[in-house]
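Colleague: Provided below for reference: sequence and predicted model.
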Amino acid sequence: MQKASGTTVLSFVNSSVIMSITTETKAYGFHAGKGIRMTIREEIEQLKKEKNAVILAHYYVRPEVQEIADYIGDSFYLSKVAVELEEQTIVFCGVSFMGESAKVLNPQKTVLMPDAKADCAMAHMADEETIRAMRKKYDDLAVVCYINSTAELKRLSDVCVTSANAVRIVKALPNKNIFFIPDENLGRFVAKQVPEKNFIFNDGYCHVHASIRKDQVEAAKKAHPNAPFIVHPECRPEILDLADFIGSTSEIIDYASSADAKEFIIGTELGVLYELKKQNPDKIFYSAGSAQCCPNMKKITLEKIVHVLETGEHSMSVTDEMRTQANRPLERMLELAK
């Protein structure tokens, strides 16, 4: 990452081309009628102080948003961090289920979403009717819910999991039968590690990870034979079979940072490249050949952050009943993960 004259340039290498994302620190406006012209970053910093606010950003949002965030991480890490913060207002730069989780874990705090329409389709890819049918069909069943899901799905589940702890949690469950929702690919990855359990899979997927194709990966590996292929377990099984390392977004960053290799092929949403390059400026990162971009994550902009800080719009709301029910499987996850 390079900085010059208020401009940030973040470059990464596709399997065939060099791609760059450029963000500029430019004059934004006059603050609160004080006649002081400020950059948009200065405006955000000033509003944070006035509103007693903190900015949390997921690894997949735009580089310029990650750059101004106070904390960057995956959805569960950010929700846990929020519990320990003194600030009463949380600006959550991510998709809607992340804001819901933050509100479930922090009911007394205000959680603002910069774009109310930024959503994750996979988070909705299960339903109450199917869950109840599975409970009726299978004895000794545990409904295991990936944390990347709505509060509605969480409340219908027995335990939540993250991509990092799913194998450990499922192994610790006493149940023989596992209905894994909503992501089928992550469920199949877990099932392969826990063959003693009987898995029932749900027809859900992340469109970004599911878009990575085997022929693209094989071409990238051929073009860069010394680059380990590191992937997220939301990818399809045939993609995971080609991987040198499989892990959560945080685990991918840790692996790339600690490995001796100087170049890597990345099998996840390419917003993670901001943190990868920040921690490893001398290493090269290639895409697996596809766009690997979540358009909903990219809806979050600096201008929208300013807007919600100024207006308080797009405040996340969760009923007390929903919060209590959705929090129960989260608490059980924490107990089983000890």
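Modeller: Perfect, thanks for sending it.
Colleague: Would you map the helices across the stretch 51-200 of the chain?
Modeller: 63-68, 75-84, 96-105, 128-137, 151-155, 166-172, 184-193 (DSSP state H, counting those that start in this stretch).
Colleague: Tell me which of those helices lies nearest to residue 333.
Modeller: Of all those, helix 166-172 sits nearest to residue 333, with 6.0 Å by Cβ to Cβ. Placement of C-beta: from N, CA and C, glycine included.
Colleague: Tell me the helices and strands packed up against that closest one.
Modeller: The contact analysis (3 or more Cβ pairs under 8 Å, 6 or more residues apart in numbering; DSSP states H and E) places helix 166-172 against strand 141-146, strand 159-161, helix 184-193, helix 320-336.
Colleague: run the last query once more with 7 Å
Modeller: Packing contacts for helix 166-172, counted by 3 or more Cβ pairs under 7 Å, 6 or more residues apart in numbering; DSSP states H and E, involve helix 184-193, helix 320-336.
Colleague: closest one to residue 323 among the helices of the stretch 51-200 of the chain?
Modeller: helix 96-105 (5.0 Å).
Colleague: Run through who's touching the closest one.
Modeller: If you take Cβ atoms under 7 Å, 6 or more residues apart in numbering as the criterion, helix 96-105 is touched by 58, 75, 78-79, 82-83, 90, 92, 111, 113, 118-120, 123, 147-151, 316, 318, 323, 326-327.
Colleague: hmm, which of these are the buried ones?
Modeller: Buried positions within the contacts of helix 96-105, assessed by neighbour count (16 or more other Cβ atoms under 10 Å), are 58, 75, 78-79, 82, 90, 92, 111, 113, 118-120, 123, 147-151, 316, 318, 323, 326-327.
Colleague: Tell me how many other residues surround residue 164.
Modeller: 19 (other Cβ atoms under 10 Å).
Colleague: where along the stretch 151-300 of the chain do the strands fall?
Modeller: When assigned using DSSP state E, counting those that start in this stretch, the strands of the stretch 151-300 of the chain occupy the ranges 159-161, 177-181, 198-201, 229-231, 245-246, 263-267, 284-287.
Colleague: Of these, flag the one that's most buried.
Modeller: Of all the strands of the stretch 151-300 of the chain, strand 159-161 has the most neighbours on average by mean count of other Cβ atoms under 10 Å, namely a mean of 27.
Colleague: ok, for residue 144, nearest residue in space, not its chain neighbours?
Modeller: Using Cβ to Cβ, 6 or more residues apart in numbering and skipping the chain neighbours, the partner closest in space to residue 144 is residue 180 (5.0 Å).
Colleague: so what pLDDT did the one you found get?
Modeller: Looking at residue 180, its pLDDT is 98.
Colleague: Give the bridge partners for it, please.
Modeller: For residue 180, the beta-bridge partners are residue 144, residue 201 (DSSP bridges).
Colleague: how about it, what does it touch?
Modeller: Residue 180 sits next to 144, 187, 190, 199, 201, 202 when contact means Cβ under 7 Å, 6+ apart.
Colleague: Including distance to residue 259 and pLDDT, could those go into JSON lines?
Modeller: Formatted as JSON lines, the contacts of residue 180 follow (distance: Cβ to Cβ, whole Å; pLDDT from 0 to 100):
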{"residue": "144", "distance to residue 259": "31", "pLDDT": "98"}
{"residue": "187", "distance to residue 259": "28", "pLDDT": "98"}
{"residue": "190", "distance to residue 259": "24", "pLDDT": "98"}
{"residue": "199", "distance to residue 259": "31", "pLDDT": "98"}
{"residue": "201", "distance to residue 259": "32", "pLDDT": "98"}
{"residue": "202", "distance to residue 259": "33", "pLDDT": "98"}
